[in-house]
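1. Got a predicted model here, sequence first, then my questions.
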Amino acid sequence: ENWEEYSDATSRALLDPYSTLLYSFLTLDDEPNPDSPNQIQWEGNAVHETMTLADILEVMELKNPPWDNPHNWLRERIVGLMDYCAANNKKFVWAFGGWSDLTKTISDDQVDLLV
């Protein structure tokens, strides 16, 4: 879960059985609605992180000092998971979509922009 820190050995032990960990809290929708997903295509400006609704690139931006990034609290959790994967020979994979994301996802001409 993206609200977990996995900062201690007990919580990280829950991840040990897996070879690949997905961070699947990304969405194409800047206002995801789980009760009534928006029936539109991606606007093409950003991939959004679901807890902050910010552009994931803004969430992951390393600032000096770190508190200049208002999303640094989440960045630290994601980087911690990435570091855990690297140290334990596991794959970290960004994933997006799900029950609250856009119903029409992307158009063919947006594939290169997204990838």
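-> Nice, I can see it.
2. where exactly do the helices run in the protein?
-> 9-13, 56-59, 72-87, 111-114 (DSSP state H).
3. got a list of contacts for the strand ranked longest in the chain?
-> Ordering each strand of the chain by length in residues (DSSP state E) puts strand 20-27 first. When contacts are defined by CB atoms under 8 Å, 6 or more residues apart in numbering, strand 20-27 is touched by residues 2, 15, 47-51, 56, 78, 81, 84-85, 90-98, 100-102. Glycine gets a C-beta too; all of them are placed from N, C-alpha and C.
4. quick one, which of the helices of the chain is packed in tightest?
-> Of all the helices of the chain, helix 56-59 carries the top mean neighbour count, a mean of 17, counting by mean count of other CB atoms under 10 Å.
5. The closest residue to K104 other than its chain neighbours: neighbouring residues, count only.
-> Sequence neighbours aside, Q41 is the residue nearest to K104 in space, at 4.5 Å (criterion: CB to CB, 6 or more residues apart in numbering). A count of neighbours around Q41, defined by other CB atoms under 10 Å, yields 14.
6. Let me know the pLDDT of Q41.
-> Here the pLDDT value assigned to Q41 is 93.
7. State the distance from it to W99.
-> 17 Å (CB to CB, to the nearest Å).
8. hey, C-alpha coordinates of the worst-scoring helix or strand of the chain on mean pLDDT in PDB?
-> For the chain, using mean pLDDT, DSSP states H and E, the weakest element among its helices and strands is helix 9-13, scoring a mean of 77. Only the C-alpha atoms of helix 9-13 are listed here, as PDB (Å, rounded to 0.1, in the frame of the first residue of the first chain):
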ATOM      1  CA  ALA A   9      12.400  -5.300   9.100                       C
ATOM      2  CA  THR A  10       9.000  -6.700  10.100                       C
ATOM      3  CA  SER A  11       7.000  -4.700   7.500                       C
ATOM      4  CA  ARG A  12       9.600  -5.300   4.800                       C
ATOM      5  CA  ALA A  13       9.500  -9.000   5.500                       C
END
